[in-house]
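*Asks:* Structure for the following, please:
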Amino acid sequence: MSLEDLQERLGYRFRRRELLNQALTHRSHSASNNERLEFLGDGVLNCIVGLNLYERFPGLREGQLSRLRANLVNQQPLFEIARELDLGHYLSLGEGELKSGGASRPSILADSLESVLGAVLLDGGFDTARQLVGRLFASRLNEIDPDAQGKDAKTQLQEWLQSRHRGLPAYNLIEVSGQAHAQNFNVECRIDVIGLRSTGEGSSRKSAEQAAAAAALRKLQVP
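*Replies:* Below you'll find the predicted structure:
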């Protein structure tokens, strides 16, 4: 895959291609890597998502807005968006990370997405970065239910099932990959009574279970 393909997926074409190359370079590959761009992208992402929430929900208090933002900019949604962009195929990784599956590791993909956002900010300015974040997060922003915030995905799924007398879901560990200091967990959520299965990945078993529960909620079309 070429960087042309990635730019089409992003809906943005870089004027300074070296910024995109740097955003896709992990520290295991080169001293000239994406860590500084990740720092920048993290800041602009928090700002832009905060602005979106501030404008969408004028009646919410500061604490409520903070919780909504935290749910949108944590590792799991960033990992999911990076995977939707197929970002792992464009990363430059060191040999060790390549062998241990770094191109599919949630933490690396989430950080790389932030790096790309930082690169877009430098290349195209704040308004361009804001438009890109708006596109990438559109479905997640549109699905927000402020009344349901504060409950994690496992709690929401359990309550939804219990309210319909469907029993409880079961979570099974499918696979653990990666090196000891950077493991990736793959978990399956099973709801046998309705024949539903979903999977989730994360840097811990707990986060993977939450991701699997969130996937189940999406399959059930629970708002």
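*Asks:* can you give me the helices for this protein?
*Replies:* For the chain, the helices defined by DSSP state H cover 3-10, 17-23, 35-56, 62-73, 75-84, 95-99, 106-124, 126-136, 138-142, 153-163, 205-219.
*Asks:* Have a look at the protein and report the helix or strand with the lowest mean pLDDT.
*Replies:* helix 95-99 (a mean of 85; mean pLDDT, DSSP states H and E).
*Asks:* List the contacts of it.
*Replies:* 26, 28-29, 102-103, 105, 108, 179 (C-beta atoms under 8 Å, 6 or more residues apart in numbering). Placement of C-beta: from N, CA and C, glycine included.
*Asks:* Would you mind listing the buried residues in it?
*Replies:* Going by neighbour count (16 or more other C-beta atoms under 10 Å), the buried part of helix 95-99 is residue 97.
*Asks:* again with stretch 14-23
*Replies:* Buried residues in stretch 14-23, counted by 16+ other C-beta under 10 Å: 14, 19-23.
*Asks:* doesn't residue 25 make contact with residue 119?
*Replies:* No. Between residue 119 and residue 25 there is no contact under C-beta atoms under 8 Å: 10.8 Å.
*Asks:* What is the nearest of the contacts of helix 95-99 to residue 55?
*Replies:* Using C-beta to C-beta, residue 108 is the member of the contacts of helix 95-99 that sits closest to residue 55, with 31.9 Å.
*Asks:* Grab the nearest non-local neighbour of the closest one.
*Replies:* Computed as C-beta to C-beta, 6 or more residues apart in numbering, the closest residue to residue 108 that is not its neighbour in sequence is residue 102, at 5.2 Å.
*Asks:* number of nearby residues for the one you found?
*Replies:* 23 (other C-beta atoms under 10 Å).
*Asks:* spatially speaking, which residue is in the middle of the protein?
*Replies:* Taking C-alpha atoms, centre = their mean as the criterion, residue 78 is the residue nearest the geometric centre of the chain, at 1.7 Å.
*Asks:* Which positions within stretch 206-222 qualify as buried?
*Replies:* 207-217, 222.
*Asks:* Tell me, how many residues neighbour residue 90?
*Replies:* As a burial measure, residue 90 scores 20 neighbours (other C-beta under 10 Å).
*Asks:* residue ranges with poor pLDDT in the protein?
*Replies:* Counting by pLDDT under 70, the ranges of the chain that qualify are 1, 147-150, 181, 223.
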